[in-house]
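Chemist: can't give you the sequence, but here's the structure:
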Ligand SMILES: [Zn+2]
């Protein structure tokens with residue numbers, strides 16, 4: 001396989017977290033699922049990298 005010099009980025013910004021790698025999600029507690037605020041967590045779309053593989 002020949003190495004190509006045209007270093008085109010193979011990733012693009014994750015649309016879910018907008019490149020931050022983190023998303024805020026609502027936290028619900030109790031059996032009634034009372035809304036308790038928001039918590040930032042790792043983005044499952046990019047697993048925290050903020051980038052996802054480009055499709056093309
Ligand atoms: Zn993401």
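Modeler: In hand now; what should we look at? Computed from a predicted structure; not experimentally measured. Residues are numbered from 1 along each chain as shown.
Chemist: Specify the local secondary structure of residue 17.
Modeler: coil (DSSP: H, G, I helix; E, B strand; the rest coil).
Chemist: can you give me the strands in this structure?
Modeler: All strands of the chain, identified by DSSP state E, fall at 11-13, 22-29, 34-42, 51-53.
Chemist: for the second one, what is the average pLDDT?
Modeler: Looking back up the chat, that one is strand 22-29. Mean per-residue pLDDT for strand 22-29: 92.
Chemist: centre of the chain versus it, how much separation?
Modeler: Centroid displacement of strand 22-29 relative to its chain, using Cα atoms, centre = their mean, to the nearest Å, is 14 Å.
Chemist: Residues contacting it, please?
Modeler: Residues external to strand 22-29 that are found in contact with it (Cβ atoms under 8 Å, 6 or more residues apart in numbering): 16-17, 34-44, 48. (C-beta placed from N, C-alpha, C; glycine too.)
Chemist: Give the ChimeraX command for selecting the buried subset of those residues.
Modeler: Those of these that count as buried under 16 or more other Cβ atoms under 10 Å are selected in ChimeraX with:
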select :17,43,48
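Chemist: follow-up on the earlier one: which stretch among the strands of the chain comes nearest residue 5?
Modeler: When those are compared by Cβ to Cβ, strand 11-13 sits nearest residue 5, at 18.4 Å.
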